[in-house]
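Visitor: What follows is a predicted protein model with its sequence.
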Amino acid sequence: QVQLVESGGGLVQPGGSLRLSCVASGRIFSIDTMGWYRQTPGKGRELVASITSGGRIDYADSVKGRFTISRDNAKNTVNLQMNSLKPEDTAVYYCNARLFNANYRAFEVWGQGTLVTVSS
């Protein structure tokens, strides 16, 4: 079993910053990609940012230049620094990891979600 635990959500004013963190624990053999998704009521879950074990990074167009994803492979953690936050960034943010087990079969794990609210 692998678990993802997120932290760092909360209420922030427009233009402010927040940092989300996610740590993976459990029976981990190998983690390929870690990332952050977000979801608002009535909408599907969308990719915010992802980073592979090799360091390749992808961002949603809506967050480029404002959000920065980083990863510590040794600690199985991924962080999302969010700057210049806008009300439209309000959502539940989910940590995601794509892993390989000892048989090199891929599987995916999700965190429980953390709420980010951008409001004055």
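Guide: Sure thing, it's come through.

Visitor: nearest residue to the most centrally placed residue in the chain other than its sequence neighbours?
Guide: Centrality entry for the chain: nearest residue to the mean C-alpha point is residue 36, 2.3 Å, by Cα atoms, centre = their mean. Spatial nearest neighbour of residue 36, excluding adjacent residues (Cβ to Cβ, 6 or more residues apart in numbering): residue 48 at 4.4 Å. To be clear about C-beta, it is placed using only N, CA and C from the backbone, and glycine gets the same treatment.

Visitor: Check the secondary structure at the residue of the chain most remote from its centre for me.
Guide: Going by Cα atoms, centre = their mean, the residue of the chain most distant from its centre is residue 103, 26.0 Å out. Following DSSP: H, G, I helix; E, B strand; the rest coil, residue 103 is assigned to coil.

Visitor: just to revisit the earlier point, need the contact list for the residue nearest to the centre of the chain.
Guide: The neighbourhood of residue 36, defined by Cβ atoms under 8 Å, 6 or more residues apart in numbering, consists of 20, 22, 47-50, 69, 78, 80, 93-96.
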